[in-house]
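# sequence below, structure please.
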Amino acid sequence: MLLRKVESFLRQTGMSVTKFGRLAAHDPRFVGDLRNGREPRSALTSRVEHFMNNFGENVHAA
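Residues are numbered from 1 along each chain as shown. Below is the predicted model:
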């Protein structure tokens, strides 16, 4: 489920997978690991979802 949300976010924003991983999860390999079956714990999932939900607000505020 999280992978679908991340993939959709990446398509909509045009952000690279490594940049997303660094910004959202502090791990540049995060998306690649998700694609290979990684299942992050709930705290990390919440942090990544929070990043995606607030990304537009952060861009407009800058």
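
# now do the SS call for Gly37.
coil (DSSP: H, G, I helix; E, B strand; the rest coil).

# average model confidence for the helix or strand that contains Asn54?
Per DSSP states H and E: Asn54 is located in helix 42-61. Mean per-residue pLDDT for helix 42-61: 86.

# use 23 as the first number from now on
Sure, I'll start counting at 23 from here, so that last one is helix 64-83.

# may I see the buried residues of it?
Residues of helix 64-83 classed as buried: 66, 70, 73-74, 77 (neighbour count, 16 or more other Cβ atoms under 10 Å). To be clear about C-beta, it is placed using only N, CA and C from the backbone, and glycine gets the same treatment.

# how about Met74, nearest residue that isn't a chain neighbour?
Of all residues not flanking Met74 in the chain, Phe31 sits nearest, at 4.8 Å (Cβ to Cβ, 6 or more residues apart in numbering).

# any idea whether Asp49 is helix, strand or coil?
Relying on three-state DSSP, one would call Asp49 coil.

# that one: how many residues sit nearby?
16 (other Cβ atoms under 10 Å).

# OK, contacts around it?
43, 55 (Cβ atoms under 8 Å, 6 or more residues apart in numbering).

# from Pro62, how far out is it?
Distance of Asp49 to Pro62, given as Cβ to Cβ, to the nearest Å: 9 Å.

# for Ser30, same thing?
According to Cβ to Cβ, Ser30 and Pro62 sit 17 Å apart.

# which one's more surrounded, those two?
Counted by other Cβ under 10 Å, Ser30 and Pro62 do not tie: Pro62 has more neighbours, with 16 against 11.

# quick one on the thing from earlier: for the residue nearest to Met74, pull up the helix or strand it's in.
Going by DSSP H and E, Phe31 is in helix 24-35.

# show me what that helix is packed up against.
Judged by 3 or more Cβ pairs under 8 Å, 6 or more residues apart in numbering; DSSP states H and E, helix 24-35 is in contact with helix 39-42, helix 52-57, helix 64-83.

# cheers, nothing more for now.
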